[in-house]
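In: here is a sequence with its predicted model. Questions after.
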Amino acid sequence: MLQTQEQLSSTIQDKTQLEEDCKVLRDKAERLGTSLKRQYEREVESLRNMLKTFDLEFAIGKRVWCIVYGVWCMLIVWCVM
């Protein structure tokens, strides 16, 4: 009977320890998830900014090319006349 009570007591202590360990692991997993989510959001924002910069540079380059091409065509027409 004494051995059964000791086993029961040991089992209860083990269960309590396991519950505490689970709580600690759950908290760590939650912090890690939050950290990864923030990192993901920063990466997405960085990519969006890069895309905006690329679009702006492309638009400016396209306009400059059109102006250069237009001036070139006007010079050819002027030289032919």
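Out: Received, thanks. Numbers count the residues shown, from 1 in each chain.
In: and the most centrally placed residue in the chain, what does it touch?
Out: In the chain, the C-alpha closest to the average C-alpha coordinate belongs to residue 40, at a distance of 1.7 Å (C-alpha atoms, centre = their mean). Listed by C-beta atoms under 8 Å, 6 or more residues apart in numbering, residue 40 has no contact partners. Where you see a C-beta, it was placed from the backbone N, CA and C, and this is true even at glycine.
In: tell me which element it falls in.
Out: Per DSSP states H and E: residue 40 is located in helix 2-80.
In: would you mind giving me the confidence score for the residue nearest to the centre of the chain?
Out: On the pLDDT scale, residue 40 is placed at 91.
In: now do residue 1
Out: 58.
In: residue 59 too?
Out: In this model, residue 59 carries a pLDDT of 80.
In: what number of residues lie near it?
Out: 10 (other C-beta atoms under 10 Å).
In: gap between it and residue 73?
Out: 21 Å (C-beta to C-beta, to the nearest Å).
In: thank you, goodbye.
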